[in-house]
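**Q** No sequence on hand, only this structure:
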């Protein structure tokens, strides 16, 4: 992506720098709750400073001026105000080869608490800050595809982790060679899909609004006579482009890390540290909106959102009425509002005419759609509606909800100019399909 790294780093580095310093010197910055609050205020001040007016007309760079500091502020809230990382958190690391016992791979891993050695402490703190999914950390219960040797370390610590698929299935872990082949194929597929999306978006003026235009794109306009299919088409292409560009970045990172291997990067160089970002289409077609947001869409920011929400709106996991009642709806709305605030901050930082409040609302109202879909499903189950009819109603509702609300998000992203970013060094589609 054509991001201007120089201006981006100068404007957004201060918050992460303050947080990183606090993590490696906990005796100073975690000495009292007052010192934590002061540190958090400093991170917040850096976020406010990053949102100041600028003259960078690069859409992706401008967007990150708002998005990145807002995300840093959320991470800082979790690490500074809601936890004590040096005391509370540990991560999985590979043992030195000399210390591996007769158990072979079964004895290959161990916990690494907050290190005393400064170089290891810096890597520990950096991993805590950027490993947003918490893979290999003691605080994260969902660990996707960890092999049995890693799960054994969790089990011995009394931490009940969840793995994708069957919980009883024996897993030795994917080999590096098969993982690299698999990810290389994913890269090819993602590259072609993204190239196709760009091909179609480049030919649609809705995705290519000039910098000085004040035309609003929120609800799919302009689309001729407001053909309902045009609106669906634009939402689909914009969503698919977002999906593929994120997956390309994820796949490239996985290829680099696993390519360098555990000898150079420790556990970060192992395949289990790079599970897929996305769920399956079954999550969407059988569960609708709850499946889309709960399993299909990426979980990069989920732990931080849920941590803040559970602290502000605590309720017992055994209390189903609380989880599915008004408190549950309020908690779900807060999760979407946190996500919306990040994207709205990115929209606000753009030079173009955008609508960050509408973008925020587009995220916040998703909780209403999820709750409505769950209620419809419950009524169909109680009414003993057949599985085929239930699936048709499920698909029809999430299609309608997406048609109604998705343009609030995709439209503002188009207004920001994000779909004009040059992310492809070479276009295969333009070569074969002119």
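**A** All right, it came through fine. Predicted model only: the values in this text are computed from it and were never measured.
**Q** Do a quick rundown of the helices in the stretch 301-434 of the chain.
**A** With DSSP state H, counting those that start in this stretch as the criterion, the stretch 301-434 of the chain has helices at 302-312, 320-324, 326-348, 356-364, 366-382, 387-416, 428-432.
**Q** And residue 300, its phi and psi?
**A** Per-residue torsions, residue 300: phi -60, psi -40 (degrees, to the nearest 10).
**Q** ok, and the closest non-adjacent residue to it?
**A** Leaving out its chain neighbours, the residue that sits closest to residue 300 by C-beta to C-beta, 6 or more residues apart in numbering is residue 132, at 5.3 Å. For the C-beta atoms, the positions are set from N, CA and C on the backbone; glycine is no exception.
**Q** From residue 71, how far off is the one you found?
**A** With distances taken as C-beta to C-beta, to the nearest Å, residue 132 is found 9 Å from residue 71.
**Q** what residues are shared contacts of those two?
**A** The contact sets of residue 132 and residue 71 overlap at residue 301 (C-beta atoms under 8 Å, 6 or more residues apart in numbering).
**Q** So for those two, which residue has more residues nearby?
**A** With neighbours defined as other C-beta atoms under 10 Å, residue 132 and residue 71 compare such that residue 71 has more, 25 against 16.
**Q** That one reaches residue 301, doesn't it?
**A** Yes - Residue 71 is in contact with residue 301 according to C-beta atoms under 8 Å; the separation is 7.2 Å.
**Q** hey, what's in contact with both of these two?
**A** residue 342.
**Q** On the C-terminal side of the helix or strand where residue 198 lies, identify the next helix or strand.
**A** Assessed by DSSP states H and E, residue 198 sits inside helix 176-202. The helix or strand immediately downstream of helix 176-202 is helix 228-260, counting by DSSP H and E.
**Q** That following helix - contacts with which helices or strands?
**A** When contacts are defined as 3 or more C-beta pairs under 8 Å, 6 or more residues apart in numbering; DSSP states H and E, helix 228-260 packs onto helix 176-202, helix 387-416.
**Q** pLDDT of it, averaged?
**A** Taken as a whole, helix 228-260 has a mean pLDDT of 92.
**Q** and if you look at stretch 265-284?
**A** 91.
**Q** so how far does that stretch reach from one end to the other?
**A** By C-alpha to C-alpha, to the nearest Å, the extent of stretch 265-284 from end to end equals 35 Å.
**Q** Return the distance of it from the chain's centre.
**A** 12 Å (C-alpha atoms, centre = their mean, to the nearest Å).
**Q** Out of the helices and strands in the chain, which is least certain?
**A** helix 320-324 (a mean of 55; mean pLDDT, DSSP states H and E).
**Q** residues contacting the residue nearest to residue 65 when sequence neighbours are not counted?
**A** Leaving aside its sequence neighbours, residue 65 sits nearest to residue 349 (C-beta to C-beta, 6+ apart; 4.1 Å). Shown in contact with residue 349 (C-beta under 8 Å, 6+ apart): 50-51, 54, 62-67.
**Q** same thing but 10 Å
**A** By C-beta atoms under 10 Å, 6 or more residues apart in numbering, the residues touching residue 349 are 11, 50-54, 56, 61-70, 356, 416.
**Q** Can you say which of those residues are buried?
**A** For the contacts of residue 349, a neighbour count by 16 or more other C-beta atoms under 10 Å gives the buried set as 11, 50-51, 56, 61-70, 356, 416.
**Q** quick one on the thing from earlier: with respect to residue 175, which of the helices of the stretch 301-434 of the chain lies nearest?
**A** Closest to residue 175 of the helices of the stretch 301-434 of the chain is helix 302-312 (C-beta to C-beta; 28.4 Å).
**Q** which sections of the stretch 101-250 of the chain are below the confidence cut-off?
**A** 101-106, 165-170, 212-227 (pLDDT under 70).
**Q** Tell me where the stretch 301-434 of the chain is predicted with low confidence.
**A** By pLDDT under 70, the weakly predicted segments of the stretch 301-434 of the chain are 316-324, 434.
**Q** The strand or helix carrying residue 69 - contacts with which helices or strands?
**A** Using DSSP H and E, residue 69 sits within helix 59-76. Secondary-structure packing of helix 59-76 (3 or more C-beta pairs under 10 Å, 6 or more residues apart in numbering; DSSP states H and E): helix 5-12, helix 14-24, helix 33-50, helix 118-130, helix 302-312, helix 326-348, helix 387-416.
**Q** re earlier: which one of the helices and strands packed on helix 228-260 is the most hemmed in?
**A** For these, the largest average neighbour count (mean count of other C-beta atoms under 10 Å) is found in helix 387-416, namely a mean of 19.
**Q** Identify the residues contacting the spatially closest residue to residue 290 that is not a sequence neighbour.
**A** Using C-beta to C-beta, 6+ apart and skipping residues adjacent in sequence, the residue nearest residue 290 is residue 370, 5.3 Å away. Neighbour list for residue 370: 287-294, 329, 332-333, 336, 398, 401 [criterion: C-beta under 10 Å, 6+ apart].
**Q** Which one of those is nearest to residue 243?
**A** Residue 243 lies nearest to residue 292 out of those, by C-beta to C-beta, at 11.7 Å.
**Q** before we move on, back to that, make CSV out of the helices and strands packed on helix 228-260 and add distance to residue 23.
**A** Converted to CSV, the helices and strands packed on helix 228-260 look like this (distance: least, C-beta to C-beta, whole Å):
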stretch, distance to residue 23
helix 176-202, 30
helix 387-416, 32
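**Q** picking that back up, most surrounded residue in the contacts of residue 370?
**A** Most surrounded of the contacts of residue 370: other C-beta under 10 Å gives residue 288, at 27 neighbours.
**Q** wait, it sits on residue 392?
**A** No - here residue 288 does not reach residue 392: they are 11.2 Å apart, not a contact under C-beta atoms under 10 Å.
**Q** can I assume residue 143 sits in a strand?
**A** Yes - judged by DSSP: H, G, I helix; E, B strand; the rest coil, residue 143 forms part of a strand.
**Q** That one and residue 231: what is the separation?
**A** For residue 143 relative to residue 231 (C-beta to C-beta), the value is 39 Å.
**Q** And for residue 411?
**A** For residue 411, the distance to residue 231 equals 9 Å [C-beta to C-beta].
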